[in-house]
Structure formats: structure tokens, C-alpha cells
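1. How does the following fold in three dimensions:
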Amino acid sequence: MKRLNTLLFLLAGVQFVLPFLLQNGRYEPHRDEFLYLAESHHLAWGYMEAPPLLSLLGWITNHLGTQLFWIKMWPALFGCGTFLLAGTITLKLGGKVLALLFTWFPFVFGAYLRLFFLFQPNFLEVFFYTAIAFCWFQWLLTQNTKWIYVSGIALGMGLLSKASVSFYAVGLLTGLLLTPQRKVFTQIAIYIAALIAVAIFLPHFIWQYRHHFPVLHHMELLQKSQLVHIAYTDFIKGQLLLNVSCIYIWLVGLYWLLFSKMGKPFRLFGWAYLTVIALLLTLHGKDYYALGLYPILFAFGGFQIEQFTQIHTRWLLYPALTFTILIGLFLWPLLLPIASPKQLAAYYSATHLNKSGLLTWEDQQEHSLPQDFADMIGWKSTIQKLAEFYNHLPANEQQHTIIFCRNYGWGGAVNFYGKRYHLPEAYCDEASFLLWLPQQNNASVNNIILLAKHLPDANDTAFHFFEKYSVIDSLNNAFARENGTKIIFFQKANPGFGYWLSSKINSLQAPFNSPAVK
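-> Now for the predicted structure:
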């Protein structure tokens, strides 16, 4: 057993370092990472996009340094934690070396390789899904109520990471009701655990209440702009493709849970899987929203594959291992940006991955790179151009000039890179940036440097106040999602602009700042 535990931690260590070894140095933080790092400068119990736990980790990162390692360290650590939980389940079932390897493969040859590289709420969501499942697995083995209490802590912390962790709570409750484990509802422990989860989550709920639930505003925008385009078939196809190199592992695990006699004691996890999938289908969720469901299935599947091949046909191991490793290596350039954009685009074209649908962005169009990779390009060079222009303005002009960004990616990038270039904090009315816009001290604003793909149209009232504008420079990188973004300088606002700007900010923030009940 000691040897297996050593292997468990060795595999976790390889998982931790692998993304850092593979990533090409040309890529920058992701647009969403810029947002969450910006939130960490405004610590609160909530934000428009997500609960506060990720931003607290970002706050720690800001004190450690702005190097890419400190940003990526958190998803890598929680990714290792997720595997350690799943691997421990494998070992407790009686799995040996092969079972542990099959449990590990998805973390280095599937979608988790990218998920545990991006500083986004999803890596926390997957970890807490797995932590909750681990607690209930331990309870099934030991009947020790301490694991029910710990599951309440895991649920509460999960809800402070992403509200959708509640889906797994619904799934597990359904699984408990549909299996003999429903007897747990006669124990007070499960209700105390629920109270623990509520108590941990309560500060965030109060924050949402006091701000008129901005998460609903965010979900409404997400539904209109992205989720409405997701068809049921696309979601189901995504479940098959996200871990295509390891698809047989989780399918074996799910089958074993739902239909085998040996899997019957753990069947509640099978019902939990089906329940959450049904919820996500109903709500038009994105395919990766379900990634939290699979680590425990890989644990059960790895164990069962090892058992089956030892008893029956051991030769099946060789094609299974070959398939997983070869397909996984083939997909590495799709999972992580391991080469330059030009080299990756050539690889996708040569392997016909550019016609597979895997390079489809939110605009439903095929592109030369995955959207996540395109979201890691062009930020720094553009901010450098902006800074060069800003720092050549006379000092008295700088004092009366603000930087306004059309989207949160640019707002976050200005704030992330801006300190080293002596730039002021960006104005942005998208995402949580809207909550931080200053209502005061706008009377002296005379100029705006605008970061936007397009010039303002005739309906954009703000820019009617200025005497003239000029396009200073632009981002010219065909691989960048923000390609074509312009740096536009609007000069000499009339005296009424400062009052108009403060009034406009006040009206935008009013729905979120007034008490919900007076």
C-alpha cells in the first residue's frame, strides 16, 4: 500500500509540472484571468460573475508576484488535489497500479489538462464536486457521520467558488432518495451538514441580496449571448469529446455504478451523474459545465477495468493504453498552447482538426485557433502601445485623461500591465468593473483613450462631447481574438461631460447599489 501511495503522489507531481513544461512562452494570461485578478483588488463577498473564493486566491497571487507561474499555480494545485481524491477512491476500492494509471490518464490526456491550467472558477468547481463525492464515498465505506459533516463544509466552500456546485448537491440527494442509502435522511447529521453549508455560503448570499442579485443579471446576459446557441446534441457530443482519449474509462465506471451488482453500494453516484446531466441539458449548459462529474467515474472505471483485465482478457490493456496515450498526445496541441499560434494553426490544418468543430468559438464560427488560445494573445503589446502614447502626453493632460475599455478583458489587461507602465486604473462598464466605476472626481475629465474594435456610432452619446478624435494605433495579430482593437484618443470634452459621466455611472450602478428592501 505504501508503494501505491508513493505512486499516487508521484503521478500528482507529474500532473502539476506538466502544463508549465508544455506551454509556449508566447502566450499571456487569458482574458478571464485578467478579470478575476482585477476582482482580487476589490475584495468582497461577491461579484457579478462568481462568488469570492477565486478572487481571494487572486489576492494571494498579487502578493506573491505577477509572473505567470503564480497565476497558474492555483489551478495546478487544485487539479492535483482532484486527482489525489479520485486516486484515493481507486485505492480504497482495492485498485492497484493499472487502476491508478487509468484514473490519472484523463488529467493529462483530456480536457482537465486545460481546465487545471486556467485561473477560472471551473477548476474550483471540479475540485469541490470531487471533494463532496469523496466525502459521501467515505461515508458509504465507514458509515462515520463525520464525513457527512465534512461534505457540508465542501459544499459550502464549493458554493463560494461557483453556484453550480449546488447541481451536484441536487444530484446526490436524488441518488440518496433512489437507493437504500435514503436511510440517511433519518439522521440529524445530514441536516446539520446542510446548515454548515448554508452558514458558509450565507455571506455571499447576503452580498447578492444587498446588490439586487447581480448574478442574475450576469446569467441573463450569458443566456442571451451564449447559452441560447447550445443545442442538446452539442452538449451530448461535448461529453463524448472532452475526454475522448479516456472515454471508455468513465463509460465503464458509469455502467458499473448503474448496472453491476458490485457497484450497487455506490449507485447513488450514477444517479447523481444522470441528474446533473439532465439539469444541464434543461438549462442549455455548456459541455464543460459537467466536468466535475467525471473524476469519480474515472476512479470507478479505472478500478473495474483493472479487475476485468486481470480476471478475463489481459491483452485488452494494450490497445486501451495505446489508444489513450496516442490520442492524448495527438490532442495535446488542442488542450494547451504548446507551440506558437502559427505552428498550431498549421498543425490543426494538417491534421484536419480545423474541420472538426473543436475550433468553433462563441460566435459559432470556425477559427484558426481554439478560443481560449486566441484569448491569450495581443494584450501586452497593445497595452505597451497605449502606455507609450499616454506617457508622452504632457503631465497636465494625463491628469485629465481616463482610459475606457469596451470589454473586461481590456479592462483587466490595463490594470494588470498598467502598473509597470504608470497607467491609471481603467474604466469599464462590463462585468464586475461596472460595480467599481467611480461616481466622483469625473468633473475634470477632458480626454478619453478608448480601447475598442470599432469607432463609436452615432448613438454613443458619450463621445458626442468631444471636439475631435484620432486613432493612435491598433492590434494587428490575426490569431488574437481581439485583433483589430483600436487605441482611439478623444480630446477636449465640453464642460458638461464630467457631470454627464458621473450621472451615467450612477444610473448604471443604481440597480446593484440600492438596498433590496427599504
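2. mind checking the longest helix of this protein?
-> Secondary structure of the chain read by DSSP state H shows that its longest helix is helix 68-93.
3. buried stuff in it?
-> Buried residues in helix 68-93, counting neighbours by 16 or more other C-beta atoms under 10 Å, are found at 68, 70-91, 93. All C-beta atoms are positioned from the backbone trio N, CA, C, and that covers glycine.
4. what does stretch 304-312 give?
-> Judged by neighbour count (16+ other C-beta under 10 Å), stretch 304-312 contains these buried residues: 304, 305, 306, 307, 309.
5. Tell me if I am right that the fourth one is in a strand.
-> No: under DSSP: H, G, I helix; E, B strand; the rest coil, residue 307 sits outside any strand and is assigned helix.
6. Would you quantify the distance from it to residue 187?
-> Separation of residue 307 from residue 187 (C-beta to C-beta, to the nearest Å) stands at 32 Å.
7. now swap in residue 302 and tell me
-> As judged by C-beta to C-beta, residue 302 and residue 187 stand 31 Å apart.
8. Those two - which one has more neighbours?
-> residue 302 (30 against 12; other C-beta atoms under 10 Å).
9. just checking, the more buried one is part of a helix?
-> Yes: the assignment for residue 302, made by three-state DSSP, places it in a helix.
10. Now do the residue lying closest to it once chain neighbours are set aside, the pLDDT please.
-> Spatial nearest neighbour of residue 302, excluding adjacent residues (C-beta to C-beta, 6 or more residues apart in numbering): residue 102 at 3.3 Å. Looking at residue 102, its pLDDT reads 97.
11. what's residue 102 in contact with, if anything?
-> Residue 102 is in contact with 246, 249, 298, 301, 302, 305, 306, counting by C-beta atoms under 8 Å, 6 or more residues apart in numbering.
12. how near is the last one to residue 275?
-> By that I understand residue 306. 28 Å.
13. What is the neighbour count of residue 364?
-> By other C-beta under 10 Å, 8 other residues sit near residue 364.
14. Dump the contacts of residue 102 to CSV, plus pLDDT and distance to residue 54.
-> Below are these laid out as CSV (pLDDT from 0 to 100; distance: C-beta to C-beta, whole Å):
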residue, pLDDT, distance to residue 54
246, 97, 27
249, 97, 29
298, 98, 24
301, 97, 30
302, 97, 29
305, 95, 35
306, 94, 36
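15. okay if I get the residues you listed as JSON lines plus distance to residue 28?
-> As requested, the contacts of residue 102 are arranged in JSON lines below (distance: C-beta to C-beta, whole Å):
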{"residue": "246", "distance to residue 28": "30"}
{"residue": "249", "distance to residue 28": "34"}
{"residue": "298", "distance to residue 28": "32"}
{"residue": "301", "distance to residue 28": "37"}
{"residue": "302", "distance to residue 28": "36"}
{"residue": "305", "distance to residue 28": "40"}
{"residue": "306", "distance to residue 28": "42"}
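16. from these, which is closest to residue 475?
-> Residue 475 lies nearest to residue 246 out of the contacts of residue 102, by C-beta to C-beta, at 37.6 Å.
17. so the closest one makes contact with residue 106?
-> Yes: in this structure residue 246 lies within contact range of residue 106 using C-beta atoms under 8 Å: 4.3 Å.
18. Pull up the overlap in contacts between the two.
-> By the contact definition C-beta under 8 Å, 6+ apart, residue 246 and residue 106 are jointly contacted by residue 298.
19. Poorly predicted segments of this protein, please.
-> 222-229, 514-518 (pLDDT under 70).
20. switch the cut-off to 50
-> Low-confidence segments of the chain, defined by pLDDT under 50: 516-518.
21. Return the set of buried residues in the helix or strand where the residue nearest to residue 302 lies.
-> Element membership for residue 102 (DSSP states H and E) is helix 97-109. Neighbour counts over helix 97-109 (16+ other C-beta under 10 Å) mark 98, 99, 100, 101, 102, 103, 104, 105, 106, 107, 108, 109 as buried.
22. same deal with stretch 233-242?
-> Buried, per 16+ other C-beta under 10 Å, within stretch 233-242: 235, 238, 239, 241, 242.
23. Quick check: the residue nearest to the second one when sequence neighbours are not counted vs residue 235, distance?
-> If the residues on either side of it in the chain are set aside, residue 238 comes closest to residue 287, at 2.4 Å by C-beta to C-beta, 6+ apart. Counting by C-beta to C-beta, the gap from residue 287 to residue 235 is 5 Å.
24. now the strands for the protein?
-> 401-405, 427-428, 447-452, 466-474, 486-493 (DSSP state E).
25. Pull up the pairing partners for the second one, direction included.
-> Spelled out, it's strand 427-428. Partners of strand 427-428 in the sheet, by DSSP bridges, are strand 401-405 (parallel).
26. Show me what the partner strand is in contact with.
-> By C-beta under 8 Å, 6+ apart, strand 401-405 touches 386, 390, 393, 411, 414, 418, 423-424, 426-428, 430, 433, 445-452.
27. any idea how far it is from the chain center?
-> Offset of strand 401-405 from its chain centre (C-alpha atoms, centre = their mean, to the nearest Å): 28 Å.
28. tilt between it and strand 486-493?
-> Inter-element angle recorded for strand 401-405 and strand 486-493: 140 degrees (by axes from the mean of the first three to the mean of the last three C-alpha atoms, to 10 degrees).
29. between strand 401-405 and strand 447-452, how many degrees?
-> Taking the same axes, to 10 degrees, one finds strand 401-405 and strand 447-452 inclined to each other by 20 degrees.
30. May I have strand 401-405 as CSV, with CA atoms only?
-> Extracted C-alpha coordinates of strand 401-405, given in CSV (Å, rounded to 0.1, in the frame of the first residue of the first chain):
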residue,chain,number,x,y,z
THR,A,401,-7.3,61.7,-19.2
ILE,A,402,-9.1,58.4,-18.5
ILE,A,403,-8.7,55.0,-20.2
PHE,A,404,-12.0,53.4,-21.1
CYS,A,405,-12.2,49.8,-22.2
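31. Understood, closing this out.
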